[in-house]
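**Q** Coordinates for the following, if possible.
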Amino acid sequence: MTDLPLLFTPIDIRSVRLQNRIVISPMCQYSADDGLATDWHFAHLSQFAIGGAGCIFFEASAVTRDGRITHGDLGIWSDAHAQAMAPIVSFIKSQGSVPALQLAHAGRKASMQRPWHGNGPMDDSDTARGESPWPVVGASAEALDDGWLVPHSLTTEEIAGITEAFVAAARRALAAGFEIIEIHGAHGYLIQSFLSPLSNKRTDAYGGDRAGRMRLALEVTEAVRAVWPDDKPLFFRVSSLDGIDGGWELEDSVALARELKALGVDVVDCSSGGNSAKGATNSSIGRGFGFQVPFAEQIRREAEIMTQAVGLIVDGHHAEEILQGGRADFIAIGREALNNPQWPLHQAQAFGLDERYDMWPKQYGWWLSRRAYGLAKMKQAQDAAE
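**A** Got it, this is the predicted structure:
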């Protein structure tokens, strides 16, 4: 290939340059200590920087203590949380990657079990482990499902407090050295629970028609953009559609994206589902390789905003086709990165861009280039002997 693939073409968003279009999605690890990042988070996130990703998102980080999904979630409701993240941010930058943070509030999906403890509402077994449930909040007093906690319906004053918590979290993210932040407006968590008619039964200014249901998302975005520097990018993650009858639809996400763009959002991160008790992103949407790419494509085309595609994109040439086709501007990988943290570097080799391991950190590339040379010599000897 003579031309540099788009997947490996640097791109500027405001003043921030990504060395490639590969983004590591936020992936909850449920391993924080009262919201504080631990050695696990350093090891987990640093491997992606070594692996050559252009941008690396920390997992969803709660803007308030009761906004966590589980007791193991990262948080950024205090300066101590930002300080615990700072060494990881510094290492990511040292490897040429861009550190990013997703700001979140779990809403009525808070106070859950860690996945390996059941992934449902907390029960006596969690209390025995010292992890008791806490009260949850939401758009309306509508439980996620039978047996789940009924959320307190937020008052307008409390909604204003949530917005201020997002603002404070954005300031802390800046102090920690993050270059990109993303507002989590997907997967049935607080902001998405306001967006969707399935979970928002309010009759005040924050409910009713689509404009009312979008109000919280837009107010949080406007307030965060006001304190996040103009030269730094702002992302917004959407559930492009609920995938449930009567829920949020793709045309709603297009309308939201237009409003977000007007408020200074640079990229819409296009996921789907999650507004049910069956998992973070579960819905009736059929799954296959790149199954959410059409959502990113339509939002990009109709709202005229950059989008990020995510969901079972596991092959670099498939990713390149998505970018070349103008269907998205960034490719996010999650579980594929867990399976292969060096996925970006391996894809570069698959495109013939790095036959001598020059793109790898020198601590690895020096050894691997010599290993490749030795393997080639062995093969030559074997071929000669045959």
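**Q** Which residue ranges of the protein form helices?
**A** Under the criterion DSSP state H, the chain contains helices at 39-50, 79-94, 124-128, 156-176, 190-195, 210-227, 250-262, 293-303, 316-324, 335-339, 343-350, 362-385.
**Q** Tell me which of those is the most buried.
**A** helix 190-195 (a mean of 29; mean count of other CB atoms under 10 Å). Where C-beta positions appear, they are placed from N, C-alpha and C, glycine not excepted.
**Q** Tell me the gap between that one and the middle of its chain.
**A** With CA atoms, centre = their mean, to the nearest Å as the basis, helix 190-195 stands 16 Å off its chain's centre.
**Q** tell me what it is packed against?
**A** strand 137-138, strand 180-185, helix 210-227, strand 234-239 (3 or more CB pairs under 8 Å, 6 or more residues apart in numbering; DSSP states H and E).
**Q** switch to 10 Å and redo it
**A** strand 98-104, strand 137-138, helix 156-176, strand 180-185, helix 210-227, strand 234-239, helix 250-262 (3 or more CB pairs under 10 Å, 6 or more residues apart in numbering; DSSP states H and E).
**Q** what residue ranges in this structure are flagged as low confidence?
**A** Judged by pLDDT under 70, the chain has its weakly predicted residues at 1-2, 278-284.
**Q** show me the contacts for Ser196.
**A** Under the criterion of CB atoms under 10 Å, 6 or more residues apart in numbering, the neighbours of Ser196 are 139, 188, 213, 239, 241-242, 244, 246-249, 252, 274-275.
**Q** And the helices of the chain: which comes nearest Lys109?
**A** Ranking the helices of the chain by proximity to Lys109 (CB to CB) places helix 190-195 first, at 8.0 Å.
**Q** start to end distance for stretch 25-39?
**A** With CA to CA, to the nearest Å as the measure, stretch 25-39 spans 19 Å from end to end.
**Q** got the buried residues for that stretch?
**A** For stretch 25-39, burial by neighbour count (16 or more other CB atoms under 10 Å) applies to 25-32, 35-37.
**Q** Would you point out the most distant pair within these?
**A** Greatest spatial distance in the buried residues of stretch 25-39: Ser25 and Leu36, 21.8 Å, computed using CB to CB.
**Q** Using PyMOL, define a selection of the buried residues within the contacts of Ser196.
**A** Command for PyMOL that selects the buried part of the contacts of Ser196, burial taken from 16+ other CB under 10 Å:
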select buried, resi 139+188+213+239+241+242+244+247+248+249+252+274+275
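**Q** still on that earlier bit, make JSON lines out of the helices of the chain and add distance to Asp146.
**A** What follows is those, written out as JSON lines (distance: least, CB to CB, whole Å):
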{"stretch": "helix 39-50", "distance to Asp146": "34"}
{"stretch": "helix 79-94", "distance to Asp146": "34"}
{"stretch": "helix 124-128", "distance to Asp146": "18"}
{"stretch": "helix 156-176", "distance to Asp146": "26"}
{"stretch": "helix 190-195", "distance to Asp146": "17"}
{"stretch": "helix 210-227", "distance to Asp146": "24"}
{"stretch": "helix 250-262", "distance to Asp146": "27"}
{"stretch": "helix 293-303", "distance to Asp146": "30"}
{"stretch": "helix 316-324", "distance to Asp146": "39"}
{"stretch": "helix 335-339", "distance to Asp146": "30"}
{"stretch": "helix 343-350", "distance to Asp146": "40"}
{"stretch": "helix 362-385", "distance to Asp146": "51"}
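**Q** my read: Ser271 touches Ala186, true?
**A** Yes - Ser271 lies in contact with Ala186 (CB atoms under 10 Å); the separation is 5.0 Å.
**Q** Give me the more crowded residue out of the two.
**A** Neighbours were counted for Ser271 and for Ala186 using other CB atoms under 10 Å; Ala186 has more, 29 against 25.
**Q** This completes my enquiry, with thanks.
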